[in-house]
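> heads up, no residue letters with this:
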C-alpha cells in the first residue's frame, strides 16, 4: 500500500480515480450510444432493407413501390436512431450532473459523514439518513478501490516490494514451492538469491520472466474486479453499431459469430506471436477490393489461433476508430449447408449463391472457411463448382473471406487455380519460436487458484516435445504433450507437475529412458560392457565403442536434432553385428523386439526410392516412412547398406544429418527418437588380413575406412554422417565354440517354452557342431542353420517316435548328432 495509508490516498490518488471514472462515463456514453455513427447514418435504410430493382424497362408502379419502401425503411431507421440518440443525451446529461454531485460528495464525504451522523438524532433524520447512507457507500467504494489499486504500479516496484504482495505466492508455486513453504529470506542479498535460484534450477532471466507473467495476470485480475475499468468500458458493445449493415438471416443459421461469442478453446486465450501475419491480414481486409486472405501453414502451427485473435480484438474494442470495429467474423460450415440443402431437395448451388449474396449485401461480414481446399474441386459430385461461385463474389467490395488450408493442400489443389488466386493474398504462417510457445503453455494451463505446472515442467515440455514428439509443429506438439502430462498427473497426489512428472510420462509413453536415472540404472549403464557380453562373444573393441555411445545417449549429451545414435558396423558375416543391434535395442528401449530391420539389398533398382519413402503417383506408402511413423521409438537396422541404390543412400544423408525426411506425400517423418545402425561386410577380407598382421583396432579402423572409400563401397559424406564406424573381428575358434554354447542354451529355452521339454546338451556337443556345421564364409549364421536343421530334426524324430514326451528331460550327446 502507499505511504500514508487510506487517508492520504483518499484525498490524492482516490480523488484522481474518482475524477477518472467520471470522465470515463462522460466519454463512454456517446460511444455506447453511438452518437456520431447514428447521426452520420441517420437517414440510412434500416439494415439496408430496401427494395432493389429486379425488372427491366419502365414500370411506374414498381418504381413508386420501390421509392415508398425505401422512404419507409429510412424513416424507421431515423426514428429508432433519434430515439437512441435522445435517450443517450438524457443519460449523458444525467451522468454529467450526477457525476459532479458524486464527486462533490466524495470530496466532502468525511465532513458529510460526521454531520449526517449528528443529524440522525434531530428532526432531519430522513434527509440525514439518506446522506449518511450515500456517503457510507462512497466511502466503502473508495476503500474497496484502495484495497485493489491503492499501491504503486507493479512495474515501479522492485523484487522485494513485489515479494511482499499477497499474490506473490504464485511465483513461488511456479518454481515448485508450496505457499506454506515460502522462504522468508530468499531476497536477503544477491548471494542468497542466486543460491535460491540455483537450488530450484531456475536462472535469473527465467525468474524475471515468471514474475512478469504473474504480474501481468495479477493486473488482469485487478482489472476484472474494477467495475469502472477502461477495459470493461471498451468491451461493452455500442448500441446501433450494425444497424446500417444488412441482415444475415439465413447465414446466421449456419455460421458462428466469433465476434459476439467464442465458445472454442481460444475464448480466453491470450495471443502470442504472429504479429507480422496479423498486420498483413489487417492491411488486406482494409483494401477497397480483392480483400480476401488465404492462411496457409502446417496443421497445428496456429492458423486458427490467428482467426480467433482477430475476432477477439474486434470483440474487445481493439479496433475502435477503424472500419474493423464494425466487422463480424463468421465461421461457416458449408458442408452442413450443402448437406441440409441436399436433404431438403433444394438446389445446393442456389443456396450457396444466396448466402454469399447475403454476406456481400450486409457489408460487414468476414467469412472464415476452414479446410478451404475441399471447395476447390470442379463440379465433382456436387453438380456445381464452388470455386467458381467464390470467384464471382470475391471481387466485390463488401465481400471478405479468410480461407484456412495447409501448405500441401495449397500447392496441390489451390495454387494452380490462377483465376481464383487473384482475389486472395497468401499469408503463410511459420512455426512460432520456443519463447512464444512457452507463453502459449503458460496461458493455456494457467490455474486460477492453483498453479499445476511449474516453470521447470513447462520448460521440460518444450525440450521433450522437440526431442521425442517433433512431427507436429509448435505450438501443437507442446500443447498435446502438456495436456497428456496433465491428465497423467491428475490423481497422482502430487502438488505440482514437475520435471520428473514430464520425464516419467515421456518415458512411460515412448519407452525411451529420459530424465533422471532411476534406481539401478546408473549401475546398469556403468556395466554395459558386461551386459553386452552376455549376448556378444568377443568383439571387445566393438562392445566398448557401442557401450560408450549408449552411455552418451542416455546422459543427454547427444545432439538433439539428429537420431539418438547412428553407427556403421563393418565386419564379416555372422560375427555378431545383428546381435549387437538387438542388444542395443534391449538395453536402450527395453526390448530386443524394438528393431525395424530393412534388407537394403532389396532396394537396388530404379523403384527403390519409391518403395522406401512412397510414391504419390502410385498412391503407395513407403516401407521406411511407414515403419518410422508407426514405431518412432525403435532401432532401425539397415542390413548390407552398401548394396542400396545411390538415391536411397542420398536419403540417409539427410536422415543421419538432420534427423528427418519428407515422404512422397510431403509429410515430415522424424528419426530423432530412433537409433540407426547400418551393417556391411564390404571390408571383411581387408579386416581379416589386418587382424592376421596384428594391426591395432584404431589404426585398422582408419585403414578400413580409406579402403572402402577408395573401392567405391561408401562415399565419404555418408561415412561422416555416422556417429561412429565400428569394426567387428572375425570369430576365433574359441569364440565360435562359445557362440555355439550360447545358441544351444537359447535352443533349450525355446524347447522348454514351446514343447515343455527340457533339453540338456552334454559336453562335446558344441565342439561337434562347430566341426560339422561351421562355415567361415557365413560365420555364426552357419551354426544357427545347423542347429535349426540337424539338432531340431533329431529332436523331432524322437518326439514322433514317442521316445520323448512333454514335460520330460532329454540328454543330447555327441552320438545323437551322428545319428
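Great, that's in hand. Just so it is clear, the model here is predicted, and its values are computed rather than measured.
> Could I get the contacting residues of residue 713?
Residue 713 makes contacts with 642, 680, 682-683, as judged by C-beta atoms under 8 Å, 6 or more residues apart in numbering. No exception for glycine: its C-beta is placed from N, CA and C like everyone else's.
> out of the residues you listed, who's nearest residue 631?
residue 680 (23.4 Å; C-beta to C-beta).
> So the closest one sits against residue 573, correct?
No. With contact defined as C-beta atoms under 8 Å, residue 680 does not reach residue 573; the gap is 10.3 Å.
> Among the two, which residue is more densely surrounded?
Higher neighbour count among residue 680 and residue 573: residue 680, with 22 against 19, using other C-beta atoms under 10 Å.
> List phi and psi for that one.
phi -160, psi 140 (degrees, to the nearest 10).
> Not counting its neighbours along the chain, what's nearest it?
In space, and not counting its chain neighbours, residue 680 is closest to residue 642: 4.7 Å by C-beta to C-beta, 6 or more residues apart in numbering.
> Overlap of the contact sets of residue 680 and residue 573?
Counting by C-beta under 8 Å, 6+ apart, residue 680 and residue 573 have no shared contacts at all.
> show me the contacts for residue 745.
By C-beta under 8 Å, 6+ apart, residue 745 has no neighbours at all.
> Just to check, the residue nearest to residue 680 is in contact with residue 682?
Yes. Using C-beta under 8 Å, residue 642 is in contact with residue 682, at 4.8 Å.
> Overlap in contacts, the two.
708, 713-714.
> Model confidence for the residue of the chain positioned farthest from its centre, exactly?
Most distant residue from the mean C-alpha position of the chain: residue 123, 72.5 Å away (C-alpha atoms, centre = their mean). Listed pLDDT for residue 123 reads 80.
> what do you get for the one 10 residues further on?
Residue 133 is assigned 87 on the pLDDT scale.
> Kindly list the longest helix within this structure.
helix 60-119 (DSSP state H).
> what does stretch 317-326 rub up against?
Contacts of stretch 317-326 (C-beta under 8 Å, 6+ apart): 31, 234-235, 241-242, 245, 282, 285-286, 312-314, 327, 364.
> List buried residues within those residues.
31, 242, 245, 285, 312-314, 327, 364 (16 or more other C-beta atoms under 10 Å).
> can I get those residues in a markdown table with pLDDT, secondary structure and distance to residue 85?
Formatted as a markdown table, these follow (pLDDT from 0 to 100; DSSP: H, G, I helix; E, B strand; the rest coil; distance: C-beta to C-beta, whole Å):
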| residue | pLDDT | secondary structure | distance to residue 85 |
| --- | --- | --- | --- |
| 31 | 94 | helix | 13 |
| 242 | 91 | coil | 16 |
| 245 | 95 | coil | 19 |
| 285 | 96 | helix | 30 |
| 312 | 92 | helix | 30 |
| 313 | 92 | helix | 28 |
| 314 | 94 | helix | 24 |
| 327 | 96 | coil | 24 |
| 364 | 96 | coil | 21 |
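> Which residue lies nearest the spatial centre of this protein?
residue 476 (1.5 Å).
> what sits against residue 516?
If you count contacts by C-beta under 8 Å, 6+ apart, then residue 516 has 500, 503 around it.
> Three-state assignment for it, please.
coil (DSSP: H, G, I helix; E, B strand; the rest coil).
> Likewise for residue 366?
Residue 366 ends up strand, using three-state DSSP.
> That one: what's it in contact with?
285, 310, 327-330, 400-402.
> now, which of the residues you listed sits nearest residue 556?
Checking the contacts of residue 366 one by one against residue 556 (C-beta to C-beta), the nearest turns out to be residue 310, at 41.1 Å.
> Give me the local confidence score for the closest one.
pLDDT, residue 310: 95.
> Can you get me a residue count around it?
So residue 310, with other C-beta under 10 Å, has 26 neighbours.
> Can you pick out the ones from the contacts of residue 366 that are in strands?
Assigned to strands by DSSP state E, the following of the contacts of residue 366 qualify: 328-330, 400-402.
> possible to save those as TSV with neighbour count, pLDDT and distance to residue 654?
Output for the ones in strands among the contacts of residue 366, formatted as TSV (neighbours: other C-beta atoms under 10 Å; pLDDT from 0 to 100; distance: C-beta to C-beta, whole Å):
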residue	neighbour count	pLDDT	distance to residue 654
328	22	97	47
329	25	97	41
330	25	97	44
400	24	97	42
401	23	97	38
402	25	97	35
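> okay, those residues in a markdown table with distance to residue 751 next?
Below are the ones in strands among the contacts of residue 366 laid out as a markdown table (distance: C-beta to C-beta, whole Å):
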| residue | distance to residue 751 |
| --- | --- |
| 328 | 76 |
| 329 | 71 |
| 330 | 71 |
| 400 | 75 |
| 401 | 71 |
| 402 | 68 |
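> Quick check, the residue nearest to the centre of the chain in contact with residue 304.
No. With contact defined as C-beta under 8 Å, residue 476 does not reach residue 304; the gap is 10.6 Å.
> And the shared contacts of residue 642 and residue 682, which is closest to residue 112?
residue 714 (95.4 Å).
> So that closest one: helix, strand or coil?
Taking three-state DSSP, the label given to residue 714 is coil.
> so what's the closest residue to it other than its chain neighbours up against?
Distance criterion C-beta to C-beta, 6+ apart; nearest residue to residue 714, sequence neighbours excluded, is residue 708 at 4.9 Å. Residue 708 makes contact with 570, 642, 680, 682-683, 714, 719, according to C-beta under 8 Å, 6+ apart.
> can you check residue 124 too?
Residue 124 touches nothing, counting by C-beta under 8 Å, 6+ apart.
> how much space between it and residue 781?
113 Å (C-beta to C-beta, to the nearest Å).
> ok, how many other residues are close to the closest residue in space to residue 549 that isn't next to it in sequence?
Leaving out its chain neighbours, the residue that sits closest to residue 549 by C-beta to C-beta, 6+ apart is residue 565, at 5.5 Å. Here the number of neighbours of residue 565 (other C-beta under 10 Å) works out to 21.
> May I ask you to confirm that residue 565 is in contact with residue 723?
Yes. In this structure residue 565 lies within contact range of residue 723 using C-beta under 8 Å: 5.7 Å.
> on that earlier part again, which one of the contacts of residue 366 is nearest residue 517?
residue 310 (47.8 Å).
> that older thread, PyMOL command for the buried members of the contacts of residue 713?
Typed into PyMOL, the line below selects the buried ones among the contacts of residue 713, using 16+ other C-beta under 10 Å:
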select buried, resi 642+680+682+683
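> what about the chain, any weak spots by pLDDT?
1-4, 51-59, 149-150, 268-272, 377-382, 448-449, 557-558, 818-819 (pLDDT under 70).
> domains of it?
5-149, 154-235, 251-428, 434-510, 521-727, 733-818 (automatic domain parsing).
> Touching both of residue 565 and residue 723, which residues are there?
Joint contacts of residue 565 and residue 723 (C-beta under 8 Å, 6+ apart) are residue 549.
> so what's residue 415 up against?
Residue 415 neighbours (C-beta under 8 Å, 6+ apart): residue 421.
> show me where the stretch 301-450 of the chain has strands.
With DSSP state E, counting those that start in this stretch, the ranges of strands along the stretch 301-450 of the chain come out as 328-332, 365-369, 400-405, 424-428.
> repeat for the stretch 701-819 of the chain
Taking DSSP E, counting those that start in this stretch, the strands of the stretch 701-819 of the chain run over residues 724-727, 758-761, 809-812.
> who are the neighbours of the second one, in terms of helices and strands?
In this case it means strand 758-761. If you count contacts as 3 or more C-beta pairs under 8 Å, 6 or more residues apart in numbering; DSSP states H and E, strand 758-761 packs onto helix 733-755, strand 809-812.
> And the contacts of that strand?
Under C-beta under 8 Å, 6+ apart, the answer for strand 758-761 is 744, 747-748, 751-752, 795, 808-812.
> now with 6 Å?
Contact with strand 758-761 is made by 744, 748, 751-752, 809-812, as judged by C-beta atoms under 6 Å, 6 or more residues apart in numbering.
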